[in-house]
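Asker: My questions are about this predicted structure, shown below with the sequence.
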Amino acid sequence: MPTTVVRRAPETRLAAIALAALLLVLVLVLLPTQRAAAHPTGSTGVFLTVRQDAVEVKMQIQKAGFVAATGYDIATDQSELDAISDNLMTFLLHRVHVSDEQGSLAATVLEEPTFATVNDEDAIETTLRFTAGRPLQGALEFTDDFIIDVVPSHQVYVALISDWDDGQINEGEPQVIGVLGGGVTHLTWERSDTDPLHGLLAVIRLGMLHIAEGTDHLLFLTTLLIVAPSLATRARRGWRWQQPIPVKKTVGRAALTITAFTVGHLITLALVSLGLISFPEKPVEILVAVSIAVAAAHALKPLLPRGELLIAGVFGLVHGTAFATTILELNLGFGETLVAIIGFNVGVELAQLIAAVLVLPLLIWLSHARAFVGFRTAVAIAAILAAAAWIGGILTDQDSVLQPVFTEIASFPVVSYLLLVALVAALWYFTRTTAASRRIEAGR
């Protein structure tokens with residue numbers, strides 16, 4: 001009997017590693033995608049930010065359309081654009097209008113025109129502000145007949161960045177709410193019963209979605225939590241993981257890890273969102289991937305006792321910087337930003353707690369089976385491969401060739417989770433520690 005047990009254990013472990021790696025790579029490794037263009041080539045993009053008493057209108061005007069509409073055949077030279085800036089802005093202020101149910105809003109220039117590259121084409125960017133001097137009332141109407149009256153085929157894509165009081169807050173690309181062109185120069189959009197509470201609730205939901213759809217953050221959290229049912233003990237060569245440990249201790253270790261991560265990302269989330277510090281986007285994304293690789297290396301073999309706390313806290317600062325990008329893109333005012341920081345962080349923590357509640361019991365369950373070591377190893381290897389592939393994608397600005405597959409899997413989170421539960425159940429059943437095997441191990 002002892003001989004049979006010893007011979008089959010390596011085979012069982014290899015099977016466990018293979019099965020776990022296959023599922024977890026598919027479920028967890030969602031590589032970054034490139035953002036879609038702000039608006040189609042050969043068009044004007046208009047981005048609206050609705051505040052309590054005003055509307056900010058950022059315009060990206062294709063240079064070719066601008067030349068056709070105004071007759072100013074200027075080179076892509078800022079000094080030439082500066083020379084006609086006053087005439088251009090006066091022209092725009094007479095062609096672009098915003099009104100609510102009580103009348104037209106007063107227009108001013110918020111940002112002078114500058115050259116930019118949009119969709120690999122030369123464009124002119126500028127921002128107007130339309131102020132009511134009172135709280136906005138009811139539906140809003142946007143009018144733009146610049147270029148359209150001269151070039152009927154030209155299209156103006158109107159997108160909403162945020163409307164705090166109406167609870168309209170979107171992550172990533174702004175939501176297109178209408179297209180002007182072909183004789184259409186007016187766009188009206190309805191607003192529900194406006195209340196600042198709507199913005200708070202929307203940003204809490206945004207924080208939850210950011211974790212639920214942010215594979216990088218989920219993968220980092222997973223690699224941190226997977227060592228919760230284990231204890232780092234000193235071995236002949238450094239440290240090694242030993243499990244299982246009492247459930248109460250496992251939950252406490254997981255809670256401390258999540259708390260360290262929370263403190264870390266809250267600090268930089270606030271500092272970056274308020275504009276007190278800033279970092280280039282690409283290095284931050286690379287560091288997020290590095291954080292996953294470091295946490296995975298710690299899951300393979302303890303880097304130091306309770307190293308997950310240090311990793312969670314230090315790299316939490318990096319993840320907080322990435323979180324702040326979402327709030328900055330909303331273009332909120334100072335007061336709204338303060339509320340957004342709190343609300344977004346609440347949403348992130350709720351999502352993290354839900355993830356922990358779903359995953360931690362499975363880890364505790366499996367930690368009482370021989371397959372747990374193989375399972376933890378598979379998760380760590382999958383995380384390292386994902387981090388490496390993600391870094392490659394960031395450096396080359398390429399999408400993963402597997403992205404369509406991963407996106408399809410991510411579309412069915414319940415099914416993916418149930419498959420994970422089934423895998424854990426199968427691994428536990430076939431490698432669980434029985435009374436007979438415990439006696440055998442004790443006699444070896």
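Answerer: Nice, thanks for sending it over. Numbers count the residues shown, from 1 in each chain.
Asker: if you average pLDDT over the helix or strand harbouring residue 98, what comes out?
Answerer: Assessed by DSSP states H and E, residue 98 sits inside strand 96-100. The average pLDDT for strand 96-100 rounds to 95.
Asker: List the buried residues for the helix or strand harbouring residue 296?
Answerer: Assigned by DSSP H and E, residue 296 falls within helix 281-300. For helix 281-300, the buried set under the neighbour-count rule, 16 or more other C-beta atoms under 10 Å, comprises 284-289, 291-300. Quick note: C-beta positions are derived from backbone N, CA and C, even for glycine.
Asker: and if you look at stretch 328-346?
Answerer: Buried-residue list, stretch 328-346, by 16+ other C-beta under 10 Å: 329-332, 336-337, 339-345.
Asker: Name the nearest of these relative to residue 416.
Answerer: Relative to residue 416, the closest of the buried residues of stretch 328-346 is residue 344; by C-beta to C-beta it sits at 25.3 Å.
Asker: Just give the closest residue to the closest one, not the sequence neighbours.
Answerer: Closest residue to residue 344 in three dimensions, ignoring its sequence neighbours and counting by C-beta to C-beta, 6 or more residues apart in numbering: residue 207, at 4.1 Å.
Asker: so how far is residue 374 from that neighbour?
Answerer: 34 Å (C-beta to C-beta, to the nearest Å).
Asker: Looking at these two, which is more packed in?
Answerer: residue 207 (28 against 24; other C-beta atoms under 10 Å).
Asker: Next, the contact list for residue 330, please.
Answerer: Listed by C-beta atoms under 8 Å, 6 or more residues apart in numbering, the contact partners of residue 330 are 49, 161, 162, 169, 340.
Asker: Kindly recompute the last result at 6 Å.
Answerer: 162, 169 (C-beta atoms under 6 Å, 6 or more residues apart in numbering).
Asker: ok, which stretches of this structure are strands?
Answerer: 44-50, 54-62, 96-100, 103-104, 106-118, 121-131, 140-144, 156-163, 168-169, 175-180, 186-189, 231-235, 238-242 (DSSP state E).
Asker: Which one of the ones you listed lies nearest to residue 253?
Answerer: strand 231-235 (8.5 Å).
Asker: What mean pLDDT does the closest one get?
Answerer: Strand 231-235 comes out at a mean pLDDT of 87.
Asker: How about stretch 63-82?
Answerer: Stretch 63-82 comes out at a mean pLDDT of 86.
Asker: next one: stretch 199-212
Answerer: 89.
Asker: Return the set of buried residues in it.
Answerer: Neighbour count says stretch 199-212 has 199, 200, 202, 203, 204, 205, 206, 207, 208, 210, 211, 212 buried, by 16+ other C-beta under 10 Å.
Asker: mind listing what the last one touches?
Answerer: Shown in contact with residue 212 (C-beta under 6 Å, 6+ apart): residue 351.
Asker: 10 Å instead?
Answerer: Residues near residue 212 by C-beta atoms under 10 Å, 6 or more residues apart in numbering: 218, 347, 351, 354, 355, 410, 413.
Asker: re earlier: could you dump the buried residues of stretch 199-212 to TSV with distance to residue 226?
Answerer: Formatted as TSV, these follow (distance: C-beta to C-beta, whole Å):
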residue	distance to residue 226
199	36
200	34
202	33
203	30
204	28
205	28
206	27
207	23
208	22
210	22
211	17
212	19
